[in-house]
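Student: A structural model of the following input is requested.
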Amino acid sequence: MSPGEFAMWVAHEQWRMEQLSHDIAGRLATGRQCREAAEVFERMADFLRRYADELDGTTVVDGDTDA
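Tutor: Sure, this is the predicted structure:
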């Protein structure tokens, strides 16, 4: 995923998370919504870690990081 695509995806997911936060506050959120949000957070965390590694010039090998 290119940095531009990544930025657009993050912006879209931010919008979805804001909608979910309103549903949670209003006690309207469903279990499915919460599970989907958790999956999005996990995927975003993975992408953010990989992107951070690219920015720092770090190579990831078998779960370890080597600079």
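Student: I'd say Met44 and Ala7 touch.
Tutor: No. No contact is recorded between Met44 and Ala7 when judged using CB atoms under 8 Å, the distance being 11.9 Å. Any C-beta I mention is one placed from the backbone N, CA and C, and that applies to glycine too.
Student: the two - which one has more neighbours?
Tutor: Looking at Met44 and Ala7 with other CB atoms under 10 Å, you find the greater number of neighbours at Met44, namely 16 against 11.
Student: part of a helix, is the more buried one?
Tutor: Yes. Counting by DSSP: H, G, I helix; E, B strand; the rest coil, Met44 falls inside a helix.
Student: wait, a strand at Arg27?
Tutor: No. With three-state DSSP as the criterion, Arg27 is located in coil rather than a strand.
Student: the strands in this structure, which residues?
Tutor: Using DSSP state E, the strands of the chain run over residues 59-61, 64-66.
Student: worst mean pLDDT among these?
Tutor: Of all those, strand 64-66 carries the lowest average pLDDT, namely a mean of 54.
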